[in-house]
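Peer 1: My questions concern the predicted model and sequence given below.
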Amino acid sequence: MKTRLQIKKKLVISVILITGLASFIVGCSKDTTNNEDKTTMEGIIAKVKDNQILVVKGVTNEEIKALAEEEVIKKAQSAAYFELKQEVKNLKVGNKVKVWIESLDTSNPAYGISSKVEILN
């Protein structure tokens, strides 16, 4: 016959295991459908072609208009080409935009996929 102490030990261990497992499950689950949680980039559009844009930071509109694409990329603090998953109307060179990044590589310039683009100006 089991003693009360053995039963209490098993009960305490069971409660600790269940609590730990529940914490692990809750901590590891995350809703990834919310665009607000995704990484974003703000910058100026330096090129628009079909469903792709080049977004740069650290370059002025005047520099974008005066320099070749390669020179703009070299001068920029950061530059990334984005494939647009959805059509965005009225995107023009010189627009300040916020881009929601779905995926992005680490090349220079970077290449990625945008789930959303918002014109800021």
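Peer 2: Received the coordinates, thanks. Nothing here was measured: the structure is a model prediction, and the numbers come from that model.

Peer 1: switch to C-alpha atoms for all contacts and neighbour counts from now on
Peer 2: Fine.

Peer 1: The most centrally placed residue in the chain: what's it in contact with?
Peer 2: The centre of the chain sits closest to Thr39, judged by Cα atoms, centre = their mean, with a distance of 2.5 Å. Each residue near Thr39 by Cα atoms under 8 Å, 6 or more residues apart in numbering is listed here: Trp100, Ile101, Glu102.

Peer 1: Same list (the residues you listed) but as CSV, adding secondary structure.
Peer 2: Below are those laid out as CSV (DSSP: H, G, I helix; E, B strand; the rest coil):
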residue, secondary structure
Trp100, strand
Ile101, strand
Glu102, strand
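
Peer 1: got CSV for these, with distance to Gly43, pLDDT and neighbour count too?
Peer 2: Shown next, in CSV, are the contacts of Thr39 (distance: Cα to Cα, whole Å; pLDDT from 0 to 100; neighbours: other Cα atoms under 10 Å):
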residue, distance to Gly43, pLDDT, neighbour count
Trp100, 12, 96, 21
Ile101, 13, 95, 20
Glu102, 17, 94, 17
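
Peer 1: Rebuild those residues as JSON lines, extending it with distance to Lys49.
Peer 2: Listed next are those as JSON lines, based on distance: Cα to Cα, whole Å:
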{"residue": "Trp100", "distance to Lys49": "18"}
{"residue": "Ile101", "distance to Lys49": "18"}
{"residue": "Glu102", "distance to Lys49": "19"}
